[in-house]
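In: Just to be clear, the model below is a prediction. Sequence and coordinates:
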Amino acid sequence: LQPLGPVGEERGVAAGFRHARGRGRAVGRADARQHLGEGAPLGGGRKRGAHAQAIGRSRGGPTTKLHALVDGLGRLVAFTITPGQLGDAPVAAALVAGLPPSITLAADRAYDSDALRALLLARGTTPVIPNAPYRKRLHPFDRGAYKRRNLVERAFCRLKDFRRVATRYDRLAATYAAAISLAAIVAWWI
């Protein structure tokens, strides 16, 4: 702690207030606490290129989310990589649109949205998605068909057997996607 000088003197608290308002400089002493220009730059609040490289922020630090579709045997068919803070439902529509329609699609409640359900029904696919707790109008839900969703969880577990996929060492999203593709080829298609 630094002692304050007398309140009325020119070198005391009054001079510091004048300096903080930007009308002058404190006379007789250099106090780093009085300089308004010091501190971290107030940039955009994010690292440049982080969103393009699918690196997002969460409480635990930089994260990446892997969204995947598997077939009836649990083999990886399609996937996409997004930043960790991005929601699941908006990504699912683009992921599903690139594949031929299936009979059913099972997903967890993070994918519960009216837009995704409408897209699936328009394609002739029955959505097997539990209702989100905040949903006012409940949709029908088949618990027996939902038990097959463990296929995608087992696929994630199988992918994480590959250390490079489990702990993302790659800085570029394209390199990480290539590592996931190679792991899927080795795990299911060779």
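Out: Thanks, I have the structure now.
In: quick one: contacts of stretch 77-94?
Out: Applying C-beta atoms under 8 Å, 6 or more residues apart in numbering, the contact partners of stretch 77-94 are 50-51, 54-58, 62-71, 95, 98-99, 107, 110-113, 115-116, 119, 173, 176-177, 180, 184. Quick note: C-beta positions are derived from backbone N, CA and C, even for glycine.
In: If we use 7 Å, what do you get?
Out: 51, 54-58, 63-71, 95, 98-99, 107, 110-113, 115-116, 119, 173, 176-177, 180 (C-beta atoms under 7 Å, 6 or more residues apart in numbering).
In: I'd guess Phe141 is in a strand, am I close?
Out: No: using DSSP: H, G, I helix; E, B strand; the rest coil, the secondary structure at Phe141 is coil, not a strand.
In: excluding its backbone neighbours, what's nearest it?
Out: The shortest distance from Phe141 to any non-neighbouring residue, by C-beta to C-beta, 6 or more residues apart in numbering, is to Pro130 (5.6 Å).
In: List the contacts of that neighbour.
Out: Arg109, Asp112, Phe141, Tyr146.
In: buried stuff in the longest strand along the chain?
Out: Scanning the chain for the strand with the most residues, using DSSP state E, yields strand 61-70. Using 16 or more other C-beta atoms under 10 Å as the test for burial, strand 61-70 gives Thr63, Thr64, Lys65, Leu66, His67, Ala68, Leu69, Val70.
In: Mind listing the strands the next helix or strand after it pairs with, and their directions?
Out: Using DSSP states H and E, the helix or strand that follows strand 61-70 in sequence is strand 76-83. Note on strand 76-83: by DSSP bridges, its sheet partners are strand 61-70 (antiparallel).
In: pLDDT (mean, whole number) over the partner strand?
Out: Regarding strand 61-70, the rounded mean pLDDT is 89.
In: Which pLDDT does the model give the residue sitting nearest the centre point of the chain?
Out: For the chain, Gly84 is the residue whose C-alpha lies nearest the centre (C-alpha atoms, centre = their mean; 1.7 Å). Gly84 is assigned a predicted lDDT (pLDDT) of 84.
In: Roughly how far does it sit from Ile129?
Out: Applying C-beta to C-beta, to the nearest Å, the value for Gly84 to Ile129 is 21 Å.
In: what's around the nearest residue to Thr126 once chain neighbours are set aside, how many residues?
Out: In space, and not counting its chain neighbours, Thr126 is closest to Thr104: 4.7 Å by C-beta to C-beta, 6+ apart. Thr104 has 14 neighbours, counted by other C-beta atoms under 10 Å.
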